[in-house]
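>>> Let's see this in three dimensions:
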Amino acid sequence: MIDTKALRSRVLDLAIQGKLTEQLESDGTAEELWQQIQAEKQRLIKEGRIKREKPLPEITPNEIPFEIPENWKWVRLGNIGNWGAGATPSRHNSDYYNGSIAWLKTGDLTDGEINEVSEYITEKALAECSIRLNPIGSVLIAMYGATIGKLGILNRPVTTNQACCACIPYGGVDNKFLFYFLLCERNDFINKGHGGAQPNISKEIIVNSLIPIPPLAEQKRIVARVEEIFRLLDIIDAAQEQYAADAESLKAKLITLGIQGRLTEQLESDGTAEELYQQIQAEKQRLIKEGKIKREKPLPEISEDEIPFEIPENWKWVYLGEIFQHNTGKALNSANADGKLLEYITTSNVYWDRFELKSLKQMRFTEDEIEKCTIKKGDLLICEGGDIGRSAIWCFDYDMRIQNHLHRLRGYIPDICVKYYYYLMWLYKATGKIDGRGIGLQGFSSKRVHSLIVPLPPLAEQKRIAETLERVLGVL
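Numbers count the residues shown, from 1 in each chain. As a prediction, this is how the structure comes out:
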């Protein structure tokens, strides 16, 4: 898969450094453009259309982050447009809302063009609430909250709330060039805003930040080049999404065929599942007799109505608890001062066929708890809560402990093919045969794990199915 997100980021980096387009002598220089921008700014101040503001500080060499072409110029964002945040009219005044003037909240920002907003205010609100109406072409940025750094370009006049800062660019500044610059620098802006209770990109931070300005003709070439490349990346994204969807659909079909015994040949030399079942039950009775496991109440016979799909004649429908020992780990609220301080994993560490094991927590386990809560290489783990039924096989050479929202399944006989039952859990999850039950926190209880109806193929065929699925799914 192509990492288009990284490619977009790289394209923007090259664009704002002048490495994506050619510099042409006929473009003139950014210094000439800068003089035009300042002349327009002074005209707008003289006409009373914008306020005169305190001059921004001169740019020092230490502030400049990278080299730019000779005909470009470093300036401050506050000097290339008129920036202003919005406000929220009082919710207690019904005369302020449900009017005809678009009022944008930062949740309306889409990192693209803005055509619609979710709320509207009245002319009275515009007149009385210190809100400015930003014209078409304004560039918007969210300053704080969950949407911090989100951007937009207006395709309609819009007012905004106080969490949004809008720039009305002066003539000579292409609004899309400004947009792509802000998109490129989004993470830097967010990092500048750290330090308080929540990140906050203030207007002061924005206007004092540097931007490299090319001549206007090159600004437009950069925008055209960026958008050309982004269109190609959009096509790649769409193709990859379709491929992922097709691959997931194909994966489901292959696993279905495998689990149902339609992907491999049934061989007489494999024996029957009934013979295997009797072998497993004999081992289970031995463990009960030796006091290593407890005798359980027999489960009812599996009825025809309970069987989810057809299986080959030499297979057998059984309960999961009849072929696997299973238990959960230690509850967090049962922690005590006794025992060894050991690391453990929870459902948040278990993903489909893999584990995330960074920053593991510890708690104390007694000797009895260690025996009950320890997982070994080859054990199948199933999530009781969270993403219910999510499963993985512990593949490491060292032992680990589990918390109580994880089920540990270990075959009564060591030859049972755990990978086959991993694929079975994946299929049951994908087809809705595993879900949550109960009120509040839903889960996949020990009773439900024990009584889950599963197919039992002969051992040799379990392994052929798992190997075949591994091989064909590895190329998707």
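
>>> drop to CA atoms for contacts and neighbour counts, all remaining ones
Will do.

>>> Let me see the mean pLDDT of the longest helix anywhere in the chain.
Secondary structure of the chain read by DSSP state H shows that its longest helix is helix 216-259. Mean pLDDT, helix 216-259: 95.

>>> Output the contacting helices and strands for it.
helix 4-16, helix 175-184, helix 418-430, helix 459-473 (3 or more CA pairs under 8 Å, 6 or more residues apart in numbering; DSSP states H and E).

>>> Please convert those helices to a markdown table, extending it with mean pLDDT, distance to Arg408 and mean neighbour count.
Putting those into a markdown table (pLDDT from 0 to 100; distance: least, CA to CA, whole Å; neighbours: other CA atoms under 10 Å) gives the following:
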| stretch | mean pLDDT | distance to Arg408 | mean neighbour count |
| --- | --- | --- | --- |
| helix 4-16 | 96 | 38 | 16 |
| helix 175-184 | 98 | 47 | 21 |
| helix 418-430 | 95 | 12 | 20 |
| helix 459-473 | 95 | 20 | 18 |
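
>>> Nearest to Glu304, out of the ones you listed?
helix 418-430 (18.3 Å; CA to CA).

>>> Give me the contacts around the following helix or strand past the closest one.
Downstream of helix 418-430, the next assigned helix or strand under DSSP states H and E is helix 446-450. The contact list for helix 446-450 (CA atoms under 8 Å, 6 or more residues apart in numbering) reads 319-322, 326-328, 407.

>>> can you rerun that using 10 Å?
Defining contact as CA atoms under 10 Å, 6 or more residues apart in numbering, one finds that helix 446-450 is touched by 299, 319-328, 382, 384, 389, 405-407, 409, 434, 437, 452.

>>> quick revisit: quick one: which of the helices and strands packed on helix 216-259 is nearest Arg231?
helix 4-16 (10.6 Å).

>>> residue ranges with poor pLDDT in the chain?
The chain contains residues with pLDDT under 70 at 195-197, 334-337, 435-443.

>>> Show me which strand runs longest in it.
Secondary structure assigned by DSSP state E gives strand 97-104 as the longest strand of the chain.

>>> in it, what's buried?
97, 101-104 (16 or more other CA atoms under 10 Å).

>>> Can you name every helix or strand that that strand contacts?
Secondary-structure packing of strand 97-104 (3 or more CA pairs under 10 Å, 6 or more residues apart in numbering; DSSP states H and E): strand 119-121, helix 123-128, strand 159-160.

>>> Tell me which residues are up against the first one.
Right, the one you point to is strand 119-121. 88-89, 94-105, 108, 158-159.

>>> now the longest one
Applying CA under 10 Å, 6+ apart, the external contacts of helix 123-128 come out as 87-90, 93-97, 99-101, 103, 131-133, 159.

>>> List the residues that contact Asp174.
Contacts of Asp174 by CA under 10 Å, 6+ apart are 137, 213, 215-220, 223.

>>> what do you get for Arg410?
323-327, 375-381, 416, 418.

>>> So it, which state does it fall into?
strand (DSSP: H, G, I helix; E, B strand; the rest coil).

>>> shift numbering so it begins at 44
Done: numbering now begins at 44, and the last item shifts to Arg453.

>>> For Lys462, see how far away it is.
12 Å (CA to CA, to the nearest Å).

>>> Overlap in contacts, these two.
421-423.

>>> Out of those residues, which sit inside strands?
Among those, DSSP E puts Leu423 in strands.

>>> ranges for the helices of the stretch 294-443 of the chain?
316-332, 363-366, 410-416 (DSSP state H, counting those that start in this stretch).

>>> of all the ones you listed, which gets the most neighbours per residue?
Greatest average neighbour count among those goes to helix 363-366 (a mean of 22), per mean count of other CA atoms under 10 Å.

>>> Which neighbouring elements make contact with it?
helix 316-332, strand 449-454, helix 489-493, strand 496-499.

>>> Could you say which of the helices and strands packed on strand 140-147 is packed most deeply?
The most buried one of the helices and strands packed on strand 140-147 (mean count of other CA under 10 Å) is strand 202-203, showing a mean of 25.

>>> Can you list the neighbours in contact with that one?
Contacts of strand 202-203 (CA under 10 Å, 6+ apart): 127-131, 144-149, 151, 160, 163-164, 169, 174-178, 183, 209.

>>> Direction included, what does whichever helix or strand comes after it pair up with?
Heading C-terminal from strand 202-203, the first helix or strand you meet, by DSSP H and E, is strand 207-212. Strand 207-212 sits in its sheet next to strand 124-128 (antiparallel), strand 182-185 (antiparallel), going by DSSP bridges.

>>> can you give me the angle the longest one makes with helix 218-227?
By that I understand strand 124-128. Relative orientation of strand 124-128 versus helix 218-227 (axes from the mean of the first three to the mean of the last three CA atoms, to 10 degrees): 60 degrees.

>>> pretty sure Met443 contacts Leu424?
No. The criterion here is CA atoms under 10 Å, and Met443 misses it with Leu424 at 11.7 Å.

>>> Among these two, which residue is more densely surrounded?
Each of Met443 and Leu424 has its neighbours counted (other CA atoms under 10 Å); Leu424 has more, 28 against 17.

>>> Domain boundaries for this protein, per the record?
47-276, 311-502 (automatic domain parsing).

>>> Can you add distance to Leu293 and give those domains back as JSON lines?
JSON lines is the format used below for the domains of the chain (distance: least, CA to CA, whole Å):
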{"stretch": "domain 47-276", "distance to Leu293": "24"}
{"stretch": "domain 311-502", "distance to Leu293": "12"}
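
>>> Out of those, the one nearest Glu510 is which?
domain 311-502 (8.7 Å).

>>> That closest one: end-to-end distance?
12 Å.

>>> Now for Leu495, how many residues are close by?
Neighbours of Leu495 (other CA under 10 Å): 15.

>>> actually Glu339, sorry about that
Neighbour tally, Glu339, other CA under 10 Å: 8.

>>> Go ahead and confirm it touches Ile331.
Yes. If you go by CA under 10 Å, Glu339 and Ile331 touch, sitting 9.5 Å apart.

>>> returning to what we had before: quick one: closest of the helices and strands packed on strand 140-147 to Gln405.
Taking those one by one with CA to CA, strand 202-203 is closest: 48.2 Å.

>>> got the contact list for stretch 339-347?
Counting by CA under 10 Å, 6+ apart, 331, 360-362, 364-365, 493-494, 496 sit against stretch 339-347.

>>> related to what we said a few turns ago, tell me which of the helices and strands packed on helix 363-366 sits nearest to Glu74.
strand 449-454 (65.3 Å).

>>> centre of the chain versus that closest one, how much separation?
29 Å (CA atoms, centre = their mean, to the nearest Å).

>>> Could you do stretch 136-150 as well?
32 Å.

>>> Check stretch 187-197 too.
18 Å.

>>> buried sites along it?
Those would be 187, 190-197, for stretch 187-197 by 16+ other CA under 10 Å.

>>> ends of it, how far apart?
Note: stretch 187-197 ends 20 Å apart using CA to CA.

>>> and Asp217, backbone torsions?
phi -70, psi 120 (degrees, to the nearest 10).
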